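**Student:** Here's a sequence, model it:
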Amino acid sequence: MPNAPVPPVPYVIPGVALDERHIPRPIVIRPQWIAGGEDRPIHRHQREQLVYADQGVMSVTTVHGTWVVPPNRAVWVPSNLDHGVRMITDCHMLNVFLEPGRVAKLPKTCIVVSVPPLLQELLRHASTFEDEYDEDGPDGRIMAVIIDAVQSLETVPLHLPMPTDARLRRIADTIISDPADNRSQADWAKVSGASVRTLARLFPEQTGMTFSGWRQQARLMAALERLAAGEPVVRVALDLGYTSQSAFIAMFKKALGTTPGKYFSSSS
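**Tutor:** Next up, the predicted model:
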């Protein structure tokens, strides 16, 4: 008789009960402070998860790419998907765990979503509930409202998809390590072993972006991390290869709809 499949083991932080699998409720919320610079290694959960911090900035990584998550945003992680989390700054986590299938409208892939003020307040309040709250009482009704709110969350463009082709992956890794690298697609063709035409075809196929669009997104992700850590806009702009602060701000505003100052002011 074949061995029974071994269920995935959730990552458990010492001293904090994070094993939400066996709690007989459709939704569980786990509050926790985690220091900046700490990593949560690759792990998975049987439940679907909204990785959310109402204070601080973090990044979430899977084999498919990286998502940068400032406050007012969260990453939707489907059940049983391997992912790791890195705290860019000190973070106050309000992670939400839901029974698989409970939120049918969100995809079976990771996305960054915007967390509106009402849902933020509901999550803060609900994080004080007992694990086995009364589903028919006031706490249960609040949890039901949270589930409904999660269903309608809007996505935001804070994802850096990673190519799988080895030649493109080397290019991507180099740009991530040095976002100011201004080599053109033709320059990369000379050192990657792929023609310009091949690079021009593979980048959209594997990332959904052109080479220049992907590089700009990589710079945006790097900028978000550094700005969240309090670095001046002008230093970040020049270090990332922009010719001026105004050129960087124009890119930032086009991508996220506002300037860096207003973005982080509204996210705090």
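
**Student:** Does the residue minimising distance to the centre of the chain lie in a helix or a strand, and which?
**Tutor:** Centroid-nearest residue in the chain, with CA atoms, centre = their mean: W67, separated by 3.2 Å. Using DSSP states H and E, W67 maps to strand 65-69.

**Student:** can you list contacts of that strand?
**Tutor:** With contact meaning CB atoms under 8 Å, 6 or more residues apart in numbering, strand 65-69 is reached by 51-53, 57-61, 75, 88, 110-112, 158-162, 221, 224-225. C-betas here are computed from N, CA, C, even on glycine.

**Student:** so where's the longest helix in the chain?
**Tutor:** When the chain is parsed with DSSP state H, its longest helix is helix 211-228.

**Student:** so how far is that helix off the chain centroid?
**Tutor:** Helix 211-228 sits 13 Å away from the centroid of its parent chain (CA atoms, centre = their mean, to the nearest Å).

**Student:** for the helix or strand just after that helix, packing partners?
**Tutor:** Using DSSP H and E, the helix or strand that directly follows helix 211-228 along the chain is helix 233-239. Packed against helix 233-239, as judged by 3 or more CB pairs under 8 Å, 6 or more residues apart in numbering; DSSP states H and E, are the following elements: helix 211-228, helix 245-256.

**Student:** most packed of the ones you listed?
**Tutor:** Ranked by mean neighbour count, those are led by helix 211-228 with a mean of 20 (mean count of other CB atoms under 10 Å).

**Student:** helices and strands around it, which ones?
**Tutor:** strand 65-69, strand 159-161, helix 166-177, helix 185-192, helix 196-207, helix 233-239, helix 245-256, helix 260-267.

**Student:** Among the ones you listed, show me which one is buried the most.
**Tutor:** For the helices and strands packed on helix 211-228, the largest average neighbour count (mean count of other CB under 10 Å) is found in strand 65-69, namely a mean of 23.

**Student:** Give me the distance between it and the centre of its chain.
**Tutor:** On CA atoms, centre = their mean, the centre of strand 65-69 falls 4 Å from that of its chain.

**Student:** Report the separation between V96 and A53.
**Tutor:** From V96 across to A53, the span is 11 Å (CB to CB, to the nearest Å).

**Student:** same question but for T198, I mixed them up
**Tutor:** T198 sits 40 Å away from A53, going by CB to CB.

**Student:** What of P163?
**Tutor:** With distances taken as CB to CB, P163 is found 29 Å from A53.

**Student:** who has more neighbours, those two?
**Tutor:** Using other CB atoms under 10 Å, the more surrounded residue of P163 and A53 is A53, with 27 against 21.

**Student:** mind listing what the more buried one touches?
**Tutor:** A53 makes contact with 69, 71, 74, 91-94, according to CB under 8 Å, 6+ apart.

**Student:** repeat that with 6 Å
**Tutor:** By CB atoms under 6 Å, 6 or more residues apart in numbering, the contact set of A53 is 91-93.

**Student:** quick one: which of those sit in strands?
**Tutor:** The strands, defined by DSSP state E, take in 91-93 from the contacts of A53.

**Student:** Show me which of these is closest to Q216.
**Tutor:** For the ones in strands among the contacts of A53, the minimum distance to Q216 (CB to CB) is 26.5 Å, reached by C91.

**Student:** Excluding covalently adjacent residues, which one is nearest to that closest one?
**Tutor:** Among residues not flanking C91 along the chain, G56 sits closest, at 3.2 Å (CB to CB, 6 or more residues apart in numbering).

**Student:** these two touch, right, that neighbour and T89?
**Tutor:** Yes. If you go by CB atoms under 6 Å, G56 and T89 touch, sitting 4.6 Å apart.

**Student:** ok, A223 touching V234?
**Tutor:** No. In this structure, A223 is not within contact of V234 by CB under 6 Å, at 11.9 Å.

**Student:** This structure - how does it break down into domains?
**Tutor:** For the chain, the structural domains run 27-155, 162-267, going by automatic domain parsing.

**Student:** Adding mean pLDDT as columns, could you present those domains in TSV?
**Tutor:** Putting these into TSV (pLDDT from 0 to 100) gives the following:
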stretch	mean pLDDT
domain 27-155	92
domain 162-267	91
